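Undergrad: coords below, sequence missing:
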């Protein structure tokens with residue numbers, strides 16, 4: 001039985017989340033079951049609890065068969081678009097993602113999957129969409145500096161710091177990957193289409209746990225941030241306000257015991273108070289320029 005097919009079918013059930021799918025797969029050996037038998041077997045997984053089991057029981061086999069057909073369509077389209085699908089049972093699935101509190105169960109990749117295997121070389125570079133002039137230049141320079149030292153840049157394809165870090169990486173030997181809060185649809189990234197395409201052309205990749213046409217949403221940005229932190233051994237914060245989205249990535253990195261670095265200034269503006277906070281709280285190691293970073297990398 002196809003793992004990707006079953007996972008994509010289960011993800012269409014609104015009552016079934018990723019954590020529930022993990023429980024199912026850890027309790028049921030689907031390799032010896034037919035798709036028809038699988039649906040019956042799921043109903044016996046006691047770890048799901050009565051509420052989840054009741055929700056599953058309300059679905060008929062015909063309904064589940066419909067979801068399997070939809071899953072097959074996604075798989076066929078993925079093949080047509082040259083997407084690679086990795087589920088958490090796959091030997092090439094990044095081990096660092098399996099340790100997350102709410103790990104992804106299936107990821108879509110467009111481009112070079114090797115970057116996912118190079119955990120020790122992966123560094124997340126993050127920051128605000130509206131950096132200062134110094135922050136804008138610093139993000140580019142850091143991407144350039146790290147890539148020339150054969151490190152891979154993991155960022156989010158957003159405007160500002162993310163984009164500059166990606167662009168800077170193109171001049172070095174390291175690769176770059178963008179984690180996305182949506183399906184890997186070009187039309188969602190018209191504002192950054194050139195960069196979207198160049199990342200793949202330059203042997204990097206685009207990564208998402210969302211299927212085609214799934215639009216970006218607030219909670220998906222947060223989930224994207226946990227993936228970005230999970231794929232990276234270290235994290236560098238360029239600039240962020242206290243309530244900036246980058247601070248959720250910092251939080252995930254802290255929970256995952258990653259080494260965190262933050263740009264440090266004599267006087268912080270409002271858009272840099274997130275940096276000040278994590279430096280004051282000793283969550284991050286400060287750096288003032290590329291020379292400082294060179295002693296760490």
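TA: Everything's here; your move. A quick note: this is a predicted structure, and the numbers were derived from the prediction, not measured.
Undergrad: measure the residue most central in space within the chain to residue 269 for me?
TA: Nearest residue to the geometric centre of the chain (Cα atoms, centre = their mean): residue 227, 3.1 Å. As judged by Cβ to Cβ, to the nearest Å, residue 227 and residue 269 stand 29 Å apart. All C-beta atoms are positioned from the backbone trio N, CA, C, and that covers glycine.
Undergrad: Look up phi and psi at the residue nearest to the residue nearest to the centre of the chain when sequence neighbours are not counted.
TA: Leaving aside its chain neighbours, residue 227 sits nearest to residue 179 (4.8 Å; criterion: Cβ to Cβ, 6 or more residues apart in numbering). Note on residue 179: its backbone torsions stand at phi -90, psi 140 [degrees, to the nearest 10].
Undergrad: same thing with the one 5 residues further on?
TA: When read as degrees, to the nearest 10, the backbone of residue 184 gives phi -80, psi 70.
Undergrad: where's residue 177 relative to residue 269, distance?
TA: 30 Å.
Undergrad: Please say which of these two ends up with more neighbours.
TA: Taking neighbours as other Cβ atoms under 10 Å, residue 177 and residue 269 compare with residue 177 leading, 30 against 13.
Undergrad: Test for you: state the pLDDT assigned to the more buried one.
TA: pLDDT, residue 177: 97.
Undergrad: Doesn't it lie inside a helix?
TA: No. With DSSP: H, G, I helix; E, B strand; the rest coil as the criterion, residue 177 is located in strand rather than a helix.
Undergrad: ok, it touching residue 205?
TA: Yes. Look at residue 177 against residue 205 with Cβ atoms under 8 Å: they come within range, at 4.9 Å.
Undergrad: Between those two, which contacts overlap?
TA: Residues touching both residue 177 and residue 205 (Cβ atoms under 8 Å, 6 or more residues apart in numbering) are 111, 115, 116, 199.
Undergrad: Would you enumerate the residues in contact with the last one?
TA: If I follow you right, that is residue 199. Going by Cβ under 8 Å, 6+ apart, residue 199 touches 111, 157, 166, 176, 177, 178, 205, 206.
Undergrad: How far does stretch 106-118 sit from its chain's centre?
TA: Averaging C-alpha positions (Cα atoms, centre = their mean, to the nearest Å) puts stretch 106-118 10 Å from its chain's average.
Undergrad: Point out where this structure drops to low pLDDT.
TA: 1, 30, 33, 35-36, 39, 42-48, 52-53, 55-60 (pLDDT under 70).
Undergrad: which helix of it spans the most residues?
TA: What stands out as the longest helix in the chain, according to DSSP state H, is helix 61-80.
Undergrad: tilt between whichever helix or strand comes after that one and helix 61-80?
TA: Remark: after helix 61-80, the chain's next helix or strand is strand 83-87, criterion DSSP states H and E. Inter-element angle recorded for strand 83-87 and helix 61-80: 130 degrees (by axes from the mean of the first three to the mean of the last three Cα atoms, to 10 degrees).
Undergrad: what does the next helix or strand after strand 83-87 contact?
TA: Sequence order places helix 95-98 as the next helix or strand after strand 83-87, per DSSP H and E. Under the contact criterion Cβ under 8 Å, 6+ apart, helix 95-98 has outside partners 88, 103, 104, 107, 119, 227, 230, 231.
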